[in-house]
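# Here's a sequence, model it:
(2 chains)
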Amino acid sequence: KAGVTQTPRYLIKTRGQQVTLSCSPISGHRSVSWYQQTPGQGLQFLFEYFSETQRNKGNFPGRFSGRQFSNSRSEMNVSTLELGDSALYLCASSLRDSLSGANVLTFGAGSRLTVL
Amino acid sequence: GESVGLHLPTLSVQEGDNSIINCAYSNSASDYFIWYKQESGKGPQFIIDIRSNMDKRQGQRVTVLLNKTVKHLSLQIAATQPGDSAVYFCAERWGGGSYIPTFGRGTSLIVHP
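Residues are numbered from 1 along each chain as shown, chains lettered A, B, ... in the order given. Next comes the predicted model:
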């Protein structure tokens, strides 16, 4: 079956712009999580969605937002981009939400954002 | 292993050797641990997991050891192959908290043919 699909794979933006990233989870997976990966900070949790509801949110400013649609597809948005937002944004899907117990995440290949 | 700044701890091994990748986790209340492998240009991929009520778990060519006394996790890879070259992350999950896995900084494994 198809894996987690993220689009676009690469994008370049300038400071002050906004960006929307998309994630299609594995068919049947209802939970989608987003992570930011940078060389300095590693993998940092952004948010988790389950059945269109945000279940958890990481320690990121309000410029970072997300949503999940009825088909479980998810988008995240970053407004007023800063240089420090340059990172690999990873989406992961799972069958259950994090509260349901041991839960393996299946990651997509990521969207590489460069902010100039 | 913990990273310093931009530099990941690196483990270099020869093809066919056994590799041991270490991870110190932070929360003594964490109840579930996972190892992920990330190859260049790809997202992290699940390798093996272990619950806190276990000390050891084996998979295909991989073994995870958990020492709760010193909050240490290790991943052993038998007969390491060039295809094992990647960055390896451990993740811990605290069942009494947000349940969201927290990832370590990662260790870069380089396998020389």
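# Strands of chain A, residue ranges please.
Ranges of strands in chain A, per DSSP state E, are A:5-7, A:10-13, A:19-24, A:31-38, A:42-50, A:53-57, A:64-68, A:74-78, A:87-94, A:106-107, A:111-115.
# Just confirm yes or no for the fifth one near chain B.
What that stands for is strand A:42-50. Yes: interface with chain B: strand A:42-50 contributes A:42, A:43, A:45, A:48 (Cβ under 8 Å from any Cβ of the partner chain). To be clear about C-beta, it is placed using only N, CA and C from the backbone, and glycine gets the same treatment.
# Most proximal residue of chain A with respect to chain B?
For chain A and chain B, the shortest gap (Cβ to the nearest Cβ) falls at residue A:107, measuring 3.2 Å.
# Look up the closest residue to the residue with the shortest distance to the centre of chain A, ignoring the ones flanking it.
Most central in chain A under Cα atoms, centre = their mean is residue A:34, positioned 2.9 Å from the mean C-alpha point. Distances taken as Cβ to Cβ, 6 or more residues apart in numbering or on different chains put residue A:46 closest to residue A:34, at 4.0 Å, once the chain neighbours are dropped.
# Pretty sure that neighbour sits against residue A:35.
Yes: here residue A:46 lies in contact with residue A:35, judged by Cβ atoms under 8 Å, at a distance of 6.1 Å.
# and for these two, which residues touch both?
Common neighbours of residue A:46 and residue A:35 are listed as residue A:89 (criterion: Cβ atoms under 8 Å, 6 or more residues apart in numbering or on different chains).
# Those two: which has the busier surroundings?
Neighbours were counted for residue A:46 and for residue A:35 using other Cβ atoms under 10 Å in any protein chain shown; residue A:35 has more, 26 against 21.
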